[in-house]
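[1] Here is a sequence together with a model predicted from it:
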Amino acid sequence: MQIEHLSTKQPDDEQLQGHAAPSGLGRARLALAISAGKLASASGRLLRIGGGTSLPGMVARRIDPNVLKEVVGASTAKKIVITGSNGKTTTARMTAALASADGQRVSQNRTGSNLLQGVTSVAVNFADIFGRLASDVLLFEIDEGTIPLAVPEIQPDVVVITNLFRDQLDRYGEMYSVANALNTMLERLPATSTILLNGNDPQVANFALNSKARRFYFGLETKEVGTPVPEQSADIIRCIHCDHDLVYEIAYLSHLGLYRCPNCGYTLPELDFAVTSAKLAEDGEGPSQVTLRTPQGTFDFTLPLPGIHNVYNAAAAIGAAFATDFTINQATNAFSTLRPAFGRLEKIQAGDKNIYLSFVKNPTSFNLIMRLIAKHSGKKHMLLSMSHTVVDGQDFAWLWDVDLEEIVPDVLDAVCCGNKAEELALRLKYAEVGTDKITVIHDYEAALDSALKNVEPGGSLYILSGYTPTQELRKIMQKRGWVKHYWEE
């Protein structure tokens, strides 16, 4: 997979104001690009080498670099883009569920292929060969490093920023580079756009202050969950204006919380979509009961997905639906069929055993999943896997900021695999997991078999892995008939 690096290049005024319909030659090139993309998609599915998630867009853009702009620009559909470090895929699925419940026809990159070629694949896969879309809503999950490039082509009606955490520093640079690029992009949006920001994130809440676009804020303001101070791996602990230490009334997730600067007074904005109550399942699996205050009033809903992160995702999705004029007071019905997305604490039946597969890519996601599975009863059989491919990022110093020590008392055994297996084993050793409990096996299939042998019938294996290992392990499970291809779900 090609990686698009963070770009701070901004569109010119012509790009922001739209584009003219393609000429006769342009229409022919567009039709050829879409046809070739569709052929690539069909071939990939036929040969079982892909689900048309990124290859169609890659092929189409080679023929016509403007294919995304032309197809989306010709559509009257509402255009929503969702970006941020964590939560993009699930927030997009929740937003799609709300739109569908409102009777809208939704086209989206559902599998989470969120680089520019994956975003373009939405246009290629859902349009006819003339570039016409029979969609009411175009919903794009977009990588935070790609979105400055994609927004000028999409010209979205709504932009959602879920959060901003340390992630792939060797690819993005430090967090403030990402923040500056996102903020510049947001401030160039027109007055017809709406921006939805996480008010509990001190960095994100400060975005788009000079934008002409309408701004909304979502987040939590309940005292039922959270801790008195942020976890030790939190990324933003000082005021972004004066560099003074922030004071937290409560911290919900990493640096997300109710914060203020005692020096300059910077604090979170008034939330338009505020979770005033969140009763999370004690077992780490069951539904959560949520109360949300919105501009249309306060209402309660049941969220079938576990964890405080999914409460955030739901608040963001409801905010996006409101900004796009969809019905939001039937969230329980809309969310009732939601299941964990690919690799998001995904429960998989493996014969007479269970597997919980979790994609973790930074300290926040790793800590979050660990604390969720710690609520599951009994001791834990674990498989940890990381890889330093270009897609995964090559800097894994963040492993030493993960609070592995918290789960050590529950660990029965741990198999480490992937090309970072030794570093994972070393981190476990420093967390004081006994060396007799740690096994290093580089091969994915051999590691999976070894880990499953440790699990008793009816028991569970917990897999925490990076992007490439998650893909590889799931391919093995698919081959064995335990799961479908991720693009078929």
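    Perfect, thanks for sending it. In this text the structure is predicted, and so the values were computed from the model without any measurement.
[2] Enumerate every residue touching the closest residue in space to Arg215 that isn't next to it in sequence.
    Counting by CB to CB, 6 or more residues apart in numbering, Arg215 lies nearest to Ile195, which is 5.0 Å off, once chain neighbours are set aside. (C-beta placed from N, C-alpha, C; glycine too.) Applying CB atoms under 8 Å, 6 or more residues apart in numbering to Ile195 gives the contacts Val158, Val159, Ile161, Leu186, Leu189, Phe207, Ala208, Ser211, Ala213, Arg214, Arg215, Phe216.
[3] if we go to 7 Å?
    Val159, Leu186, Leu189, Ala208, Ser211, Ala213, Arg215 (CB atoms under 7 Å, 6 or more residues apart in numbering).
[4] what's the spacing between the strand or helix carrying it and its chain's center?
    Ile195 belongs to strand 194-198 when assigned by DSSP states H and E. Offset of strand 194-198 from its chain centre (CA atoms, centre = their mean, to the nearest Å): 16 Å.
[5] what does the domain assignment say about the chain?
    13-335, 346-488 (automatic domain parsing).
[6] got CSV for those domains, with mean pLDDT too?
    Output for these, formatted as CSV (pLDDT from 0 to 100):
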stretch, mean pLDDT
domain 13-335, 91
domain 346-488, 93
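[7] Go through the ones you listed and pick out the most buried.
    Compared across these, domain 13-335 shows the largest average neighbour count, a mean of 20 (mean count of other CB atoms under 10 Å).
[8] Next up, the contacts around the residue lying closest to Asn333 once chain neighbours are set aside.
    In space, and not counting its chain neighbours, Asn333 is closest to Ala101: 6.2 Å by CB to CB, 6+ apart. Taking CB under 7 Å, 6+ apart, we find Ala101 in contact with Gln330, Asn333, Ala334.
[9] can you redo those residues as TSV with secondary structure?
    Shown next, in TSV, are these (DSSP: H, G, I helix; E, B strand; the rest coil):
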residue	secondary structure
Gln330	coil
Asn333	helix
Ala334	helix
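[10] between those residues, which is nearest Lys379?
    Each of the contacts of Ala101 was checked against Lys379 using CB to CB; the closest is Ala334, at 37.2 Å.
[11] close enough to count as contact, that closest one and Thr95?
    No. Between Ala334 and Thr95 there is no contact under CB atoms under 7 Å: 9.7 Å.
[12] ok so, going back, the strand holding Ile195: what's the following helix or strand?
    Using DSSP H and E, the next helix or strand after strand 194-198 towards the C-terminus is strand 214-220.
[13] residue nearest the centroid of the chain?
    The centroid of the chain falls nearest to Lys88 when counting by CA atoms, centre = their mean (2.8 Å).
[14] how much space between that residue and Thr162?
    Applying CB to CB, to the nearest Å, the value for Lys88 to Thr162 is 6 Å.
[15] Identify the contacts common to these two.
    Counting by CB under 7 Å, 6+ apart, the contacts common to Lys88 and Thr162 are Ile82.
[16] so Leu399 sits right up against Ala421, yeah?
    No. Contact between Leu399 and Ala421 fails when scored by CB under 7 Å: they sit 11.9 Å apart.
[17] got any residues that touch both of the two?
    Counting by CB under 7 Å, 6+ apart, nothing touches both Leu399 and Ala421.
[18] Give me the nearest residue to Leu133, chain neighbours excluded.
    That would be Ser75: by CB to CB, 6+ apart, it lies 4.5 Å from Leu133.
[19] Helix, strand, or coil at the one you found?
    Quick answer, by three-state DSSP: Ser75 is coil.
[20] For it, grab phi and psi.
    Main-chain torsions, Ser75, degrees, to the nearest 10: phi -90, psi 150.
[21] any idea how far Phe326 is from it?
    Here Ser75 is placed at a distance of 17 Å from Phe326 (CB to CB).
[22] Please apply the same query to Asn206.
    Asn206 is 28 Å from Phe326, where distance means CB to CB.
[23] tell me how far the top helix by length along the chain is from the chain's mean position?
    Selection of the longest helix in the chain by residue count, based on DSSP state H, yields helix 24-46. Per CA atoms, centre = their mean, the displacement of helix 24-46 from the mean C-alpha position of its chain is 28 Å.
[24] Name the residues that touch the one helix or strand Val160 maps to?
    Counting by DSSP H and E, the element that carries Val160 is strand 158-161. With CB under 7 Å, 6+ apart as the test, strand 158-161 has contacts from 80-84, 91, 182, 186, 189, 193-198, 204, 207, 316, 320, 323-324.
[25] again with stretch 326-343
    Outside stretch 326-343, the residues that reach it (CB under 7 Å, 6+ apart) are 89-90, 93-94, 97-99, 101-102, 104, 111-112, 294, 296, 299, 301-305, 314, 318, 321-322, 346, 357-359, 470, 486, 489.
[26] and what of stretch 85-98?
    Contact partners of stretch 85-98, identified using CB under 7 Å, 6+ apart, comprise 80, 82, 106, 108, 112, 114, 139, 141, 144, 160, 162-165, 167, 309-310, 312-314, 316-318, 320-321, 326, 328, 331, 334-335, 338, 341, 344, 362, 364-365.
[27] Now with 6 Å, please.
    Residues from elsewhere that reach stretch 85-98, judged by CB atoms under 6 Å, 6 or more residues apart in numbering: 82, 106, 108, 112, 139, 141, 162-165, 167, 313-314, 316-317, 320-321, 326, 334-335, 341, 365.
[28] From those, which land in helices?
    Per DSSP H, the contacts of stretch 85-98 map to helices at Asn313, Ala314, Ala316, Ala317, Ala320, Ala321, Ala334, Phe335, Ser365.
[29] Could you dump those residues into CSV with distance to Gly286 added?
    Below are the ones in helices among the contacts of stretch 85-98 laid out as CSV (distance: CB to CB, whole Å):
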residue, distance to Gly286
Asn313, 17
Ala314, 15
Ala316, 22
Ala317, 20
Ala320, 26
Ala321, 25
Ala334, 19
Phe335, 14
Ser365, 21
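[30] With respect to Thr439, which of the residues you listed is nearest?
    Thr439 has its nearest neighbour among those in Ser365, at 24.0 Å by CB to CB.
[31] Excluding covalently adjacent residues, which one is nearest to that closest one?
    Asn86 (5.6 Å).
[32] What helices and strands are in contact with the host helix or strand of Arg474?
    Using DSSP H and E, Arg474 sits in helix 467-479. Applying 3 or more CB pairs under 6 Å, 6 or more residues apart in numbering; DSSP states H and E, one finds that helix 467-479 makes contact with helix 444-453.
[33] of all the ones in helices among the contacts of stretch 85-98, which comes closest to Tyr430?
    Ser365 (20.5 Å).
[34] And the closest one, how far from Trp398?
    Using CB to CB, we find Ser365 at a distance of 10 Å from Trp398.
[35] ditto for Gly466
    When distance is defined by CB to CB, Gly466 is 11 Å away from Trp398.
[36] where do the strands sit along the stretch 201-350 of the chain?
    Here the stretch 201-350 of the chain has its strands, by DSSP state E, counting those that start in this stretch, at 214-220, 247-253, 256-260, 273-279, 288-294, 297-303, 346-350.
[37] want to try JSON lines for the ones you listed, with distance to Leu412 as columns?
    Rendered in JSON lines, the data for the strands of the stretch 201-350 of the chain read as follows (distance: least, CB to CB, whole Å):
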{"stretch": "strand 214-220", "distance to Leu412": "34"}
{"stretch": "strand 247-253", "distance to Leu412": "28"}
{"stretch": "strand 256-260", "distance to Leu412": "32"}
{"stretch": "strand 273-279", "distance to Leu412": "30"}
{"stretch": "strand 288-294", "distance to Leu412": "28"}
{"stretch": "strand 297-303", "distance to Leu412": "31"}
{"stretch": "strand 346-350", "distance to Leu412": "17"}
